[in-house]
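K.L.:
Sequence and computational prediction follow.
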Amino acid sequence: MDERTLLIRKLSTGTVFRIVAAGSFLSLVPLALFFGVLAIFGLNTVKWNNQPIHGIAALLVSPLLGVMMAAFFTVFGGVALAFGLWLYSKFRPLRLRIVEEG
């Protein structure tokens, strides 16, 4: 495997949002589904309007809650990260170490 360093002077806001969205949706939606499965067995892991939901209803509501949480984190986390990276780029370039498979 070949390793090299990539120097980035500016990262587009769209790229930042795509990275944050991928991380948020691919982690929070499966976690919410797992909580929905736990709620089928009677655990109070899924709540709507501060009321616990159990059974199949919890399994149906949990992905919706996961998507809503992921969208919230994508919007606010993406804005914060884009601003922070923009500020960082004013002082120095970003160095990314990439490993190429080959």
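P.N.:
Noted; the coordinates are in hand. Here the structure is a predicted model, which is why all the values come from computation and not from measurement.
K.L.:
hey, let's count contacts and neighbours off CA atoms from now on
P.N.:
Noted.
K.L.:
Tell me the buried residues in the helix or strand harbouring residue 23?
P.N.:
For residue 23, the host element (DSSP states H and E) is helix 13-40. Neighbour counts over helix 13-40 (16 or more other Cα atoms under 10 Å) mark 16-17, 20-21, 24-25, 28-29, 32-33, 35-40 as buried.
K.L.:
for these, which one is nearest residue 9?
P.N.:
residue 16 (13.8 Å; Cα to Cα).
K.L.:
My guess is the closest one contacts residue 82. True?
P.N.:
Yes - assessed by Cα atoms under 8 Å, residue 16 is found in contact with residue 82 at 6.2 Å.
K.L.:
Find residues that contact each of those two.
P.N.:
Shared contacts of residue 16 and residue 82 (Cα atoms under 8 Å, 6 or more residues apart in numbering): none.
K.L.:
ranges for the helices of this structure?
P.N.:
13-40, 56-89 (DSSP state H).
K.L.:
Quick one: mean pLDDT over the longest one.
P.N.:
Spelled out, it's helix 56-89. Averaging pLDDT along helix 56-89 yields 95.
K.L.:
Summarise which helices and strands it is packed against.
P.N.:
helix 13-40 (3 or more Cα pairs under 8 Å, 6 or more residues apart in numbering; DSSP states H and E).
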